[in-house]
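[1] 3D, please:
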Amino acid sequence: MTKKKRIIILAAVFVLAVVLCAIYFFAVKPKIPPEPISLSSNNIQTENVKLIAHRGFSAKAPENTEASFVEAGKASFFAAECDIQLSKDNVWVVNHNADIDKMTNGTGKISDMTYDEISKFTVDSGNNLKKHTGQKLITLDKYLEICNEYNMVPQIEVKEGNYTCLEDILTALDKFDGMREKAIIISFDGVILEKLRNLDEDIQLWYLTQKIEDKTLRLAKLNNYTIAFNHKNCNENMVKKAQEQNINLACWTVDSVKTYEYLYGLGIHNFTTNRLTY
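    Model (predicted):
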């Protein structure tokens, strides 16, 4: 092999390694949110605002972990949002994805594993990982314990396609005095929300959507849902239309002060965020 060929091969290997690293950090592992911003310290109005810690305080600790929810409690968030998936042995596990690959040093679908199997793996991705070593994927029950300890409203996102054991979520809430009455359950999946509404006509349900549309308004009005929409798709006319129908609105995921002030000016007071604090 000539020297020129060796150089070409080494260069190709180097480029491939860079590409694979980029895929790993930007496509496989979740993005780490930027540093927290205190609204009050920047003289920004927060009257009647409800700040919801997205997957816990993910700017301070790995998302959806015990540490992230404790950090949210210490920061006095109104609520801490989590995502739940159902394990093989019907345990609700707190994790955004259907698999454990992105957050832990293990692999596999949560639905194919028991919680004991899942708990053998350790979280290896997220903010301030060195400070929060040894984190595991926790259960819904553990998450609710933390919310109860810090007097935070639990906001639980049931991921799409999880249609069984929904009554177990309500049972878990009932372990804590008054928690079902203040809890918020959210989903992009209308079938899940419909099933939950049939189980409890009074529980707070938020319908997650990319943008507000007329069909979204009809669904929210019919079922007493709050509409939580992507701030990137804000339509002032649709916001006004929802408000005229007394439909409660929320925005996700708002990490910019400029965006916050704009939406607050439209009369929106519910914000899911990775980094904004009171």
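[2] so which other helices or strands are in contact with the longest strand anywhere in the chain?
    Under DSSP state E, the strand in the chain containing the largest number of residues is strand 79-86. Of the remaining helices and strands, those touching strand 79-86 by 3 or more CB pairs under 8 Å, 6 or more residues apart in numbering; DSSP states H and E are strand 50-53, helix 66-74, strand 92-94, helix 140-149, strand 153-158. Every C-beta, even on glycine, is put in place using the N, C-alpha and C of the backbone.
[3] switch the cut-off to 10 Å
    Contacts defined by 3 or more CB pairs under 10 Å, 6 or more residues apart in numbering; DSSP states H and E place strand 79-86 against strand 50-53, helix 66-74, strand 92-94, helix 140-149, strand 153-158, helix 166-173, strand 184-187, strand 270-273.
[4] neighbouring strands - and their directions - for the helix or strand just after the last one?
    This means strand 270-273. Counting by DSSP states H and E, the next helix or strand C-terminal to strand 270-273 is strand 276-277. If you go by DSSP bridges, strand 276-277 pairs up with strand 37-38 (parallel).
[5] so can I have TSV of the helices and strands packed on strand 79-86 showing distance to C82?
    Formatted as TSV, the entries for those read as follows, by distance: least, CB to CB, whole Å:
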stretch	distance to C82
strand 50-53	9
helix 66-74	7
strand 92-94	5
helix 140-149	5
strand 153-158	6
helix 166-173	11
strand 184-187	10
strand 270-273	11
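[6] of all these, which lies closest to L219?
    strand 184-187 (12.3 Å; CB to CB).
[7] tell me which stretches of the stretch 101-250 of the chain form helices.
    Using DSSP state H, counting those that start in this stretch, the helices of the stretch 101-250 of the chain run over residues 115-118, 140-149, 166-173, 179-182, 190-199, 214-223, 236-244.
[8] need those in JSON lines (columns: mean pLDDT, distance to D83 and mean neighbour count).
    Below are these laid out as JSON lines (pLDDT from 0 to 100; distance: least, CB to CB, whole Å; neighbours: other CB atoms under 10 Å):
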{"stretch": "helix 115-118", "mean pLDDT": "98", "distance to D83": "14", "mean neighbour count": "17"}
{"stretch": "helix 140-149", "mean pLDDT": "98", "distance to D83": "10", "mean neighbour count": "19"}
{"stretch": "helix 166-173", "mean pLDDT": "98", "distance to D83": "13", "mean neighbour count": "17"}
{"stretch": "helix 179-182", "mean pLDDT": "98", "distance to D83": "18", "mean neighbour count": "16"}
{"stretch": "helix 190-199", "mean pLDDT": "98", "distance to D83": "13", "mean neighbour count": "16"}
{"stretch": "helix 214-223", "mean pLDDT": "97", "distance to D83": "21", "mean neighbour count": "14"}
{"stretch": "helix 236-244", "mean pLDDT": "98", "distance to D83": "25", "mean neighbour count": "14"}
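[9] much appreciated, bye for now.
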